[in-house]
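Student: Just the structure for this:
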Amino acid sequence: MESMIKSRLTIILWVIVTLLVVVIILLAIRYGIGPFKKSDSYYAVSLINGGLYFGKLAQWPTLTLSDVWFIQQDVNATSTPNLSLNKFTNLFWGPEDKIKLNWDNVVMISKLHPDSQIIQTIKSQPNSGLPSPQVAPGSR
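Tutor: Model prediction:
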């Protein structure tokens with residue numbers, strides 16, 4: 001009889017511990033804590049097909065870029081390539097502003113410095129979601 005009570009208490013204890021762990025994980029996901037934190041920083045992601053994308057990186061539950069930008073070369077350029085930074089959503093097929101990436105296709109991930117030329121260009125775009133850069137008087 002006493003062993004039966006101990007086994008039931010052990011089962012109840014394991015159920016309580018399991019529920020607590022699940023609740024903690026769900027709260028971490030909901031509020032973006034720990035490995036579930038979403039980054040406000042921009043990253044450059046290079047893929048094996050040569051694609052180079054810029055955006056906010058999330059690594060859970062899948063590797064995802066949001067607020068996605070990419071560099072496009074003007075095909076009419078003859079001697080000096082004309083490069084432009086374009087919003088991913090502006091492509092003719094109208095994709096959402098999110099790319100889910102396969103880790104096997106990623107060559108490099110690099111966090112961009114807040115003062116980088118890419119970030120400054122993104123900030124200068126209308127509706128970029130970032131505050132416009134503040135230029136100090138006499139700095140130009």
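Student: so where is this structure shaky, pLDDT-wise?
Tutor: 32, 34-39, 77-78, 127-140 (pLDDT under 70).
Student: ok, now with 80
Tutor: 1-2, 28-40, 60-61, 74-81, 126-140 (pLDDT under 80).
Student: Break down it into its helices, ranges please.
Tutor: 2-31, 117-124 (DSSP state H).
Student: So the protein: which segments form each domain?
Tutor: 2-34, 38-124 (automatic domain parsing).
Student: how distant is stretch 112-131 from the center of its chain?
Tutor: Stretch 112-131 sits 15 Å away from the centroid of its parent chain (CA atoms, centre = their mean, to the nearest Å).
Student: One more: stretch 89-103?
Tutor: Relative to where its chain is centred, stretch 89-103 has its mean C-alpha point 13 Å off (CA atoms, centre = their mean).
Student: What residues of it count as buried?
Tutor: For stretch 89-103, a neighbour-count test (16 or more other CB atoms under 10 Å) marks Ile99, Leu101 as buried. Every C-beta, even on glycine, is put in place using the N, C-alpha and C of the backbone.
Student: what's the span of that stretch from first residue to last?
Tutor: Start and end residues of stretch 89-103 are separated by 22 Å (CA to CA, to the nearest Å).
Student: Save the helices of the chain as JSON lines, and put in distance to Ser41 too.
Tutor: Output for these, formatted as JSON lines (distance: least, CB to CB, whole Å):
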{"stretch": "helix 2-31", "distance to Ser41": "19"}
{"stretch": "helix 117-124", "distance to Ser41": "9"}
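Student: and these, which is most packed in?
Tutor: helix 117-124 (a mean of 15; mean count of other CB atoms under 10 Å).
Student: Who is Ser46 paired with across the strands?
Tutor: As for beta bridges, Ser46 partners with Leu52, Met108 under DSSP bridges.
Student: neighbours of the closest residue to Asn49 other than its chain neighbours, just the number please.
Tutor: Once flanking residues are discounted, Asn49 sits nearest to Asn105: 7.2 Å by CB to CB, 6 or more residues apart in numbering. Neighbours of Asn105 under the rule other CB atoms under 10 Å: 13.
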